[in-house]
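Novice: Based on what follows, work out the 3D shape:
(3 chains)
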Amino acid sequence: MIKILSVGALATVQDLGRTGGLSLGVGTSGAMDPLALAAGNILLRNQENTAAVEVPVFPFKVRFERSTVFAVTGADCAGRLDEAPVLPWWAHRAEAGQVLSLSHPKQTTWRATRAYLCIADGVDVPAVLGSRSTQLRGSFGGYEGRPLRDGDELPTGRSNGRAVPGFGLVPPGLALPLEADGVPAVRVLPAAEYDCFTNSSQDALWSTGWKITAQSDRYGYRLSGRELNPLRPLELRSHGIVPGVIQVPHGGQPIIQMRDAQPSGGYPKIGTVIEADLWRLGQAPIGSNVRFIRCSWDEALGASADIRRWLANSRRLVELHCGERGGR
Amino acid sequence: MTADRPRTSLLGTTALLFEAPGETTLETQRRIWAVAHEAAGFPGVREAVPGMNNLMLVFVEPPRRPEEIEQRLLELWNVVAPLPIAGRCIDLPVAYGGEAGPHMADVIEHTGMSVDEIVERHSAPTYIVFALGSHPGYCYLGGMDARIATPRRKVPVLKIPRGAVSIGGSQTGVSASDGPSGWNTIGSTQIAFFDVNRSPPALLQPGDSIRFKVARVLR
Amino acid sequence: MSNPLDHVDQLGAWLKDANLALLELRGPSATLRLVNDGASVRVVEGEESPSVDAPSMTVRAPSPGIFLDRHPLHERAIALVADVRAGDPLGFLQIGPLLLAVPAPRAGTLTDVLVAHGTIVGYGTPLFVLQPIEGEAS
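Specialist: Model prediction:
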């Protein structure tokens, strides 16, 4: 068990998300940076989909009620275990009673905002409709279907002794950088209504920066930049949408659907951020700029393959390393 | 937006969208239900999600050639027999206007009708549940009188309460839980559309229907 | 008891192997500076102090990999002359996405880094010089 001693807004239990509920109106939820979550679980030799705590606001403080192995992936939050420094993206041992503190992320060699506290054998909340992710809109899943509060006691899985402390992973944000004109970027496939926008709107989409406004959260990122205008007003019938879809409401300022987005909508879609780049957006700070890079289907497949390769390679090297250390 | 022929498009690498041509009708929706039923079994498809006269197919993994699935869908659309679903009907008492319907004024302004006319037209039809979406248990309804259609809001509202009865474009619906929405709230009702401890968790399914009963009109 | 000057020959050999021009070794109260001009290594400055109480030790690569003098998310390397505790990482070795620590074998003062950040090193490559702190053995 771990006890939350101090938590800011909107820390939630997340795994890689809930599938199969879209026809009931149930969105996917899941980690905003699924790569950091999967990597943390690989470090601890958990299943990649094991539930962890997503921390978007700091400081954050938690006490380990029994000894375990943990890793903090995502943003580097200058972690401390009692007084000792905690390396990011690193498997650490914690003894019963020790307190982990995370402070506001330092923007150093990789700019990130969300941390993931991964624990050997995971946060053991009940799976609801096939996932442990918190469904905030439906108030189910995760821990009581809500963000964490001070004093919450989260059950953790019984450690099977596979996790080995004392090594780490290099964050994939360093190995797989993506920028346009020095601005962090994500790749986008044009969507159904792309051709319904003016040429200058299409140009603006690809060639200008988009600021992530303060009205951005797990539901969606509201962007500000040049106004995007359709050739004529569009009213669409409601249809299924997915995280990554860039909708343009009548105001002309785009909204990117994120992990808690509703699974359907009707605003015109100018493009969709490819699934393989959503983790980059999940770590983009409010107030920062993002660029969109137009990509082809084959390039999008290549990006997915890059992610799969990084995860497989990490898993292989971690198992090799832990095998040498006498782990099972 | 309607077209002469079905349209397909990509939703990134995650899913594919199929849109039926023509005006929004129950007959078209029955074909959508039929295609969804078949397409859910396509190899590489995780889920087939009906919308309003459209269908989203979610991939297990991005397929190498999505156009093959698009082609298969279009062929299926031409031959499929409509799937009639006769469900149950529930009555929902609605308080229209006032605090219960903060955007009624926008609908009045757009349609040029009085509150009474709008309430009368909104509460007259029996609405068929075409699809579920938006949020857990939410029902997209077919059958709204086109004369009270009102465009979605320029800027979505950050929190609309559970039970809000609203109009977005030519559609209407009832919020199943508190949350953001771009639709115009014209009234409110009380009902639990979704309970994760129930099986199935959603109260209504495609093919079921809803009748709105005027409880009162606030001015 | 010994002092750094007892190890000048060994240090000189590393300096030549690593093709480094200058090696500066500083302890709590002693400084040693070796210069490698390509042909030979000479001591240009050496200051003996009676308070130097333990031999400096070489910390070697526990595995092959790319040597990093800092964590990839950190901007600064561990400072020279910093006191470290036994087990603290002095640097890292990267093998693809895997990151291994080069831990301090015992408490001491980090007096030199023998390999440049980003260099590919083999197993056993000397990486650090550590001046142990007497009485704080691991």
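
Novice: is chain A contacted by stretch B:135-142?
Specialist: Yes - contact check for stretch B:135-142 against chain A, using C-beta under 8 Å from any C-beta of the partner chain: residues in range are B:135-138, B:140. For glycine as for every other residue, the C-beta is placed from the backbone atoms N, C-alpha and C.

Novice: So for the helix or strand hosting A:Leu174, mean pLDDT?
Specialist: Counting by DSSP states H and E, the secondary-structure element that holds A:Leu174 is helix A:172-175. Averaged across helix A:172-175, the pLDDT comes to 94.

Novice: And it, what's buried?
Specialist: For helix A:172-175, burial by neighbour count (16 or more other C-beta atoms under 10 Å in any protein chain shown) applies to A:172-173, A:175.

Novice: Can you give the contact residues for it?
Specialist: Identification of contacts with helix A:172-175 by C-beta atoms under 8 Å, 6 or more residues apart in numbering or on different chains yields A:35, A:39, A:109-110, A:112, A:280, A:283, A:307, A:310, C:72-73, C:97.

Novice: Narrow the residues you listed to just the buried residues.
Specialist: With neighbours counted using 16+ other C-beta under 10 Å, these contain these buried positions: A:35, A:39, A:110, A:112, A:280, A:283, A:307, A:310, C:72-73, C:97.

Novice: The helix or strand where A:Ala305 lies: how far from the chain's middle?
Specialist: Using DSSP H and E, A:Ala305 falls within helix A:297-324. Computed by C-alpha atoms, centre = their mean, to the nearest Å, the separation of helix A:297-324 from the middle of its chain amounts to 18 Å.

Novice: What of stretch A:98-107?
Specialist: Its chain's average C-alpha position is 18 Å from that of stretch A:98-107, according to C-alpha atoms, centre = their mean.

Novice: ditto for stretch A:67-81
Specialist: Put simply, stretch A:67-81 sits 16 Å off its chain's centre (C-alpha atoms, centre = their mean).

Novice: So for it, what gets flagged as buried?
Specialist: By 16+ other C-beta under 10 Å, the buried positions in stretch A:67-81 come out as A:68-79, A:81.

Novice: filter these by proximity to chain B?
Specialist: Filtering the buried residues of stretch A:67-81 for neighbours of chain B using C-beta under 8 Å from any C-beta leaves an empty set.

Novice: and of those, the nearest to chain C?
Specialist: Here the nearest of the buried residues of stretch A:67-81 to chain C, counting by C-beta to the nearest C-beta, is A:Asp76; it sits at 4.4 Å.

Novice: Tell me the secondary structure at that closest one.
Specialist: Following DSSP: H, G, I helix; E, B strand; the rest coil, A:Asp76 is assigned to coil.

Novice: Give me the phi and psi for it.
Specialist: Taking degrees, to the nearest 10, you get phi -80, psi 110 for the backbone angles of A:Asp76.

Novice: Is there a neighbour count for B:Asp91? I'd like the number.
Specialist: When neighbours are defined as other C-beta atoms under 10 Å in any protein chain shown, B:Asp91 has 10 of them.

Novice: Which residue ranges of the chain form helices?
Specialist: All of this refers to chain A. Assigned helices in chain A, in chain order: A:34-43, A:172-175, A:199-207, A:278-282, A:297-324 (criterion: DSSP state H).

Novice: should've been chain C
Specialist: For chain C, the helices identified by DSSP H occupy C:8-18, in order along the chain.

Novice: which two in the residues of stretch B:135-142 next to chain A are spaced the farthest apart?
Specialist: Checking the residues of stretch B:135-142 next to chain A against each other with C-beta to C-beta, the farthest-apart pair comes out as B:Pro136 and B:Tyr140, at 13.6 Å.
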